[in-house]
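J.: Starting from these lines, generate the structure:
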Amino acid sequence: MQIGEILESPNDIAVYNWHPHAYGTHYDKDKNALYLPSEKLSFCPTLPGYGILPYRADRVLTKPGENAATWEEHSFLMPDNIVGNRKNCSKGAGLYYAGQWQELVLKPNKEADRWAAKLLAGGSV
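T.: Residues are numbered from 1 along each chain as shown. Okay, here's the model as predicted:
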């Protein structure tokens, strides 16, 4: 998903009453946010900024032989390219961020754009 808008106001989030983040009792109102997708991808404007991809082995980030939360080390996924104060908590090879992966947001990065465009176009990286 490519972010189109970030909602942080409880009133703005409440509009999406079907979404779990709209339930104020479950989330800290000072830290709660809802990320809405862009209509189209900036690096591939013929594709939507959201959706579901069918499984393909080259789209799997999990490092072989590791748990699902330990990913291959791509430079664009390293801590310097992540929004917020994150560190790689992997105890060995690979990349592991403690916490919720769905909340991981990349800074704008041309290498990540190229990687995603190749995966979306059907070519492996």
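J.: going forward, measure contacts between C-alpha atoms and count neighbours the same way
T.: OK.
J.: I figured Glu5 hits Tyr35, correct?
T.: Yes - at 6.1 Å, Glu5 and Tyr35 qualify as touching, with contact defined as CA atoms under 8 Å.
J.: between the two, which one's more packed in?
T.: Tyr35 (16 against 11; other CA atoms under 10 Å).
J.: which residue sits closest to the more buried one in space, ignoring its chain neighbours?
T.: Ile6 (4.7 Å; CA to CA, 6 or more residues apart in numbering).
J.: Likewise for Tyr16?
T.: Per CA to CA, 6+ apart, closest to Tyr16 is Ala22, 6.2 Å.
J.: give the contact list for the one you found.
T.: Ala22 makes contact with 10, 13-16, according to CA atoms under 8 Å, 6 or more residues apart in numbering.
J.: Then Leu120 would be within a helix, right?
T.: Yes - Leu120: assigned to a helix according to DSSP: H, G, I helix; E, B strand; the rest coil.
J.: ok, it to Tyr55 distance?
T.: Taking CA to CA, to the nearest Å as the measure, Leu120 falls 12 Å from Tyr55.
J.: out of the two, which sits in the more crowded spot?
T.: Per other CA under 10 Å, whichever of Leu120 and Tyr55 has more neighbours is Leu120, with 14 against 8.
J.: domain assignment for this structure?
T.: Domain assignment for the chain, taken from automatic domain parsing, gives 1-52, 53-125.
J.: Start and end of the shortest one, how far apart?
T.: Translated: domain 1-52. Per CA to CA, domain 1-52 runs 9 Å from first to last residue.
J.: No further queries at this time; thank you.
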